[in-house]
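S.K.: Got a predicted structure here, sequence first:
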Amino acid sequence: MKPVQSLPVDQINLSDLAFWELPYDQREGGFLTLRNERPIPFFKETGPEPGTTAIELPLGPGWYALTKHRDVAEASRHPEVFLSGPGAVSTMDLPSEMVEYFSGMISTDNPKHARLRRIVSNAFNPRNVRAVEDSIERVAHEVIERALTQGTGDFVKDIAAPFPIQIICDMMGVPPSEYQTALDASNIILCMGDPDIIPAGTDPILATLEAGATLTGLMEELGKYRIENPIDDITSALVNAEIEDEKLTQQELASFFVLLVTAGNETTRTAIAHGLHTFTHYPDQKQILIDDYDTHAKTATDEIVRWASPVTWMRRTLATDYVLSGQELAAGDKVLLFYNSANKDADAFVDPYKFDVRRTPNDHYGFGAPGPHFCLGAHLARREITVVYRELLSRFPGIHTTSEPAQLRSSFVNGIKRLSYSFDA
């Protein structure tokens with residue numbers, strides 16, 4: 001993919017959803033222009049049109065975009081300055097209850113963040129992790145078999161979406177009858193009002209709150225049951241774990257589940273979908289994997305994640321005044337860490353617009369940049385991507401897309417809504 005620089009720097013507006021409706025190559029061109037000419041631009045804050053939502057949220061003055069790899073890294077390594085607590089997943093300042101409801105651990109700072117991460121990490125002990133990893137190959141096989149016999153011709157619906165959501169639900173002990181419920185709720189929360197997912201005339205904020213309530217209800221009920229009836233699943237480990245007399249509250253458990261079902265599902269799903277689209281356009285790279293998958297699986301998985309950059313950005317808020325690459329930032333300023341742009345920065349990657357399954361080194365930020373908020377599930381996501389493509393390419397080397405992707409209209413997730421495909425060459 002070659003970036004198309006169709007917009008002069010003064011016409012690039014990352015706050016405008018119209019920018020995110022542009023084709024991928026033009027979006028990449030916009031970020032290339034910013035990195036070269038205005039690497040830390042400022043954009044006015046935007047939100048829903050007045051009168052379109054039952055809950056009116058106040059708008060702030062705006063936010064700065066960090067587009068360079070080095071600046072994203074520096075902000076991530078200084079969490080005492082670049083705070084997550086005011087909200088990591090919205091440009092607007094949401095009520096604290098909503099922040100905790102939808103983003104939980106990723107919208108906290110120390111000491112609370114360290115406490116939550118310590119409890120959650122303990123639940124992912126070697127035995128539990130082994131059980132989850134052992135299930136990945138089974139679930140990949142089940143999902144692909146269903147696609148063969150009951151497939152719709154949409155790679156997202158058949159494979160990319162159901163595969164990670166089933167693993168997460170199995171891991172947490174959610175019954176199969178609720179898989180689709182969890183997936184539908186996740187779609188609503190992350191779609192930023194995309195009319196294909198939230199119909200016109202529906203209040204997007206209320207729809208998001210209702211989806212969050214659905215997931216919360218699922219986990220609160222399961223969590224209460226697992227306190228008295230524990231089994232070998234992550235939920236049992238979380239609700240019954242005590243570390244230095246610390247336990248997750250019911251609200252914290254529910255918030256963690258919302259985070260897993262949204263961020264944990266969506267990153268893997270998006271990477272898998274972009275992977276097939278990319279392999280179709282780069283058949284030589286696909287052939288390298290087919291010829292020797294085990295040798296190149298690790299570097300290929302990381303290259304898929306770099307290329308897809310599933311989560312486009314995370315927000316931070318300045319605790320104090322700070323100068324970043326010559327840009328003066330003031331306490332209270334908001335910055336968005338654009339991982340997608342950092343992942344295509346020529347100062348950090350040789351030939352960044354070349355998809356190379358043998359790329360090394362590959363210091364991508366597809367799971368966030370180094371620091372306390374680096375993705376807790378990165379290992380699991382890598383394993384899922386590696387396993388599903390091992391199965392697909394070994395059994396169906398001719399698998400390919402038959403259309404261009406239907407892009408999710410979102411600045412936050414680089415999602416694919418639909419992607420037609422065929423198992424045959």
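M.R.: Great, that's in hand.

S.K.: In stretch 22-37, which residues are buried?
M.R.: Neighbour-count burial for stretch 22-37, with 16 or more other CB atoms under 10 Å as criterion, is recorded at Leu22, Tyr24, Arg27, Glu28, Gly29, Gly30, Phe31, Leu32, Thr33, Leu34, Arg35. C-beta coordinates here come from the backbone N, C-alpha and C atoms, glycine included.

S.K.: Help me confirm that the third one comes into contact with Trp20.
M.R.: Yes - taking contacts as CB atoms under 8 Å, Arg27 lies within contact range of Trp20: 7.0 Å.

S.K.: Now Tyr339: closest residue in space, sequence neighbours ignored.
M.R.: With CB to CB, 6 or more residues apart in numbering as the measure, Tyr365 is the residue that lies nearest to Tyr339, at 4.3 Å, once sequence neighbours are left out.

S.K.: picking that back up, out of the buried residues of stretch 22-37, which is nearest to Ser403?
M.R.: Within those, the smallest distance to Ser403 is 14.1 Å, found for Tyr24 (CB to CB).

S.K.: Surely the closest one and Pro3 touch.
M.R.: No - look at Tyr24 against Pro3 with CB under 8 Å: they stay out of range, at 9.0 Å.

S.K.: hang on, the earlier thing: narrow the buried residues of stretch 22-37 to those in helices?
M.R.: Taking DSSP state H as the definition of helices, the buried residues of stretch 22-37 contribute Tyr24, Arg27, Glu28, Gly29, Gly30, Phe31, Leu32, Thr33, Leu34, Arg35.

S.K.: In contact with the fifth one, which residues are there?
M.R.: Residues in contact with Gly30 (CB atoms under 8 Å, 6 or more residues apart in numbering) are Gln5, Ser6, Leu7, Ile12, Leu14, Phe19, Leu22.

S.K.: In TSV: the residues you listed, plus distance to Gly275.
M.R.: Written out in TSV, the entries for these read as follows (distance: CB to CB, whole Å):
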residue	distance to Gly275
Gln5	26
Ser6	26
Leu7	28
Ile12	28
Leu14	25
Phe19	25
Leu22	22
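
S.K.: Going by neighbour count, which of those are buried?
M.R.: Gln5, Leu7, Ile12, Leu14, Phe19, Leu22.

S.K.: Looking at the residues you listed, which are in strands?
M.R.: With strands identified by DSSP state E, none of the entries of the buried ones among the contacts of Gly30 belong to them.

S.K.: Throw those residues into a markdown table and include pLDDT and distance to His69, thanks.
M.R.: Rendered in a markdown table, the data for those read as follows (pLDDT from 0 to 100; distance: CB to CB, whole Å):
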| residue | pLDDT | distance to His69 |
| --- | --- | --- |
| Gln5 | 96 | 19 |
| Leu7 | 96 | 22 |
| Ile12 | 98 | 19 |
| Leu14 | 98 | 17 |
| Phe19 | 97 | 21 |
| Leu22 | 96 | 22 |
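
S.K.: any chance of those residues in JSON lines, plus distance to Pro405?
M.R.: Listed next are the buried ones among the contacts of Gly30 as JSON lines, based on distance: CB to CB, whole Å:
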{"residue": "Gln5", "distance to Pro405": "22"}
{"residue": "Leu7", "distance to Pro405": "21"}
{"residue": "Ile12", "distance to Pro405": "22"}
{"residue": "Leu14", "distance to Pro405": "21"}
{"residue": "Phe19", "distance to Pro405": "17"}
{"residue": "Leu22", "distance to Pro405": "13"}
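
S.K.: Just the ones in helices from those, please.
M.R.: Checked against DSSP H, those include these in helices: Phe19.
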